[in-house]
Structures are given as C-alpha cells and as structure tokens.
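J.: For reference, the sequence and a predicted model appear below.
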Amino acid sequence: MVFDSNFFQRESETTVKNTLVEYLQKQHPDTLERIAQSATPEVREIITHNVQGLLGSLPSEAFNIQIVTDRQNLANLLASAMMTGYFLCQMEKRKDLDESIADTDSLF
C-alpha cells in the first residue's frame with residue numbers, strides 16, 4: 001500500500017480548505033509511506049473491497065473500464081479510504097487486546 005504524497009500538490013480554486021489535506025502536505029513522504037506500509041493484509045483486503053464496492057467491480061479482462069471523476073470526488077474517495085483504514089486499524093488493535101485479555105482470564 002503506497003500513499004502518493006504528491007496527490008494534493010495542485011490545489012484547485014474550487015477546493016474548500018481542508019485541514020487534513022494541509023496536515024498531510026506537511027508530512028514527510030517517508031512518514032506517510034511508513035504508515036501506509038504498516039496496514040496488515042486483512043485491513044488492506046477490507047479497504048480494497050470497500051473501494052471496489054464504491055467504484056464497481058467489473059472484471060477488467062472482460063471490460064475496458066475507465067473511471068472519470070473530478071479532483072474533489074477523488075479526494076473524497078481517498079479520505080474515505082483513509083478513515084476506513086484508520087478505523088480498521090484501531091478495531092484490529094482492540095480485537096488483539098480483547099483476545100489478549102481473554103487469554104489472561106483463562107490463567108485464573
């Protein structure tokens with residue numbers, strides 16, 4: 001999973017001020033790459049299914065698929081995927097903690 005830090009480089013005059021975008025622009029590309037690489041395969045799979053559900057999932061070998069959108073809608077899709085990833089990572093940590101606590105309960 002790779003995050004393209006140049007995605008937000010060109011601002012459009014119709015873009016509403018977005019503090020998350022501003023924050024991402026200030027981050028070093030290595031930091032963003034490290035965070036993107038930290039997602040587990042399970043989280044990546046769920047995000048992939050989520051994005052495919054939003055875009056449609058016609059098989060590319062049978063169709064010449066081309067998706068056209070504007071910058072703002074693409075940014076919204078990226079933000080949605082990022083928030084989904086953050087949520088899933090937090091839930092994954094919670095699951096691991098719950099399992100760890102359940103394991104300690106069996107010791108008593």
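T.: Looks like it arrived, so ask away.

J.: Buried residues of the longest helix that the chain contains, list them for me.
T.: Assignment by DSSP state H gives helix 71-105 as the longest helix of the chain. Neighbour counts over helix 71-105 (16 or more other C-beta atoms under 10 Å) mark 75, 78, 81-82, 85, 88 as buried. The C-beta positions use only the backbone N, C-alpha and C, and glycine is treated the same way.

J.: Using JSON lines, please lay out those together with pLDDT and distance to E22.
T.: Compiled in JSON lines, the buried residues of helix 71-105 are given as follows (pLDDT from 0 to 100; distance: C-beta to C-beta, whole Å):
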{"residue": "A75", "pLDDT": "82", "distance to E22": "13"}
{"residue": "L78", "pLDDT": "81", "distance to E22": "15"}
{"residue": "A81", "pLDDT": "81", "distance to E22": "19"}
{"residue": "M82", "pLDDT": "80", "distance to E22": "14"}
{"residue": "G85", "pLDDT": "83", "distance to E22": "19"}
{"residue": "L88", "pLDDT": "87", "distance to E22": "24"}
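
J.: Mind listing what's buried along the one helix or strand in the chain whose mean pLDDT sits lowest?
T.: Lowest by mean pLDDT, DSSP states H and E among the helices and strands of the chain is helix 19-26, with a mean of 77. For helix 19-26, the neighbour count (16+ other C-beta under 10 Å) marks 21, 24 as buried.

J.: now that helix against helix 71-105, angle please.
T.: Relative orientation of helix 19-26 versus helix 71-105 (axes from the mean of the first three to the mean of the last three C-alpha atoms, to 10 degrees): 90 degrees.
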